[in-house]
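Participant: Can you look at this prediction? I've put the sequence above it.
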Amino acid sequence: MKPVYQLLREYREARGITQTHIAKKTGKTVQRISALETGGIRLTADELVELCLTGYEISPAIFFAESFSVSENKEAEDSRK
């Protein structure tokens, strides 16, 4: 299973959303969003919920359901190569 910070980045990139967009919607700096997405700083549960609801405009439950689904499909494809 991938770390949550990696799922956040992959989810954002797959939807064509920039870190700047997420920063503006959440009131965080681009540097903080970048650090959260690279694991440079620890992501709290409260911050994860805020990012999902405010930045990505998706419930955390749906975020995880979609992220794990995409992640599992990619891992299955990679294992076939």
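Facilitator: Nice, thanks for sending it over.

Participant: Other residues contacting stretch 52-72?
Facilitator: If you take Cβ atoms under 8 Å, 6 or more residues apart in numbering as the criterion, stretch 52-72 is touched by 1-2, 7, 10-12, 14-15, 17, 21-22, 25-26, 33, 48-49. Where you see a C-beta, it was placed from the backbone N, CA and C, and this is true even at glycine.

Participant: what ranges of the protein fall below the confidence cut-off?
Facilitator: Counting by pLDDT under 70, the ranges of the chain that qualify are 70-81.

Participant: Let's see that with 90 instead.
Facilitator: 1-3, 7, 10-11, 14, 62-81 (pLDDT under 90).

Participant: Quick one: the helices in it, in order.
Facilitator: Secondary structure of the chain, counting by DSSP state H: helices at 4-14, 19-26, 30-38, 45-50, 60-80.

Participant: For Thr20, see how far away Pro60 is.
Facilitator: Distance of Pro60 to Thr20, given as Cβ to Cβ, to the nearest Å: 22 Å.

Participant: And Ser67, by the same measure?
Facilitator: Taking Cβ to Cβ, one finds Ser67 at 21 Å from Thr20.

Participant: For these two, indicate the residue with more neighbours.
Facilitator: Between Ser67 and Thr20, counting by other Cβ atoms under 10 Å, Ser67 is the more crowded of the two (19 against 11).

Participant: Please check the contacts of stretch 52-72 and keep the buried ones.
Facilitator: With burial judged by 16 or more other Cβ atoms under 10 Å, the buried subset of the contacts of stretch 52-72 is Leu7, Glu10, Tyr11, Arg12, His21, Ile22, Lys25, Thr26, Ile33, Leu48.

Participant: Serialize those to TSV and add fields for distance to Gly40.
Facilitator: Shown next, in TSV, are the buried ones among the contacts of stretch 52-72 (distance: Cβ to Cβ, whole Å):
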residue	distance to Gly40
Leu7	16
Glu10	17
Tyr11	18
Arg12	16
His21	20
Ile22	15
Lys25	20
Thr26	17
Ile33	11
Leu48	15
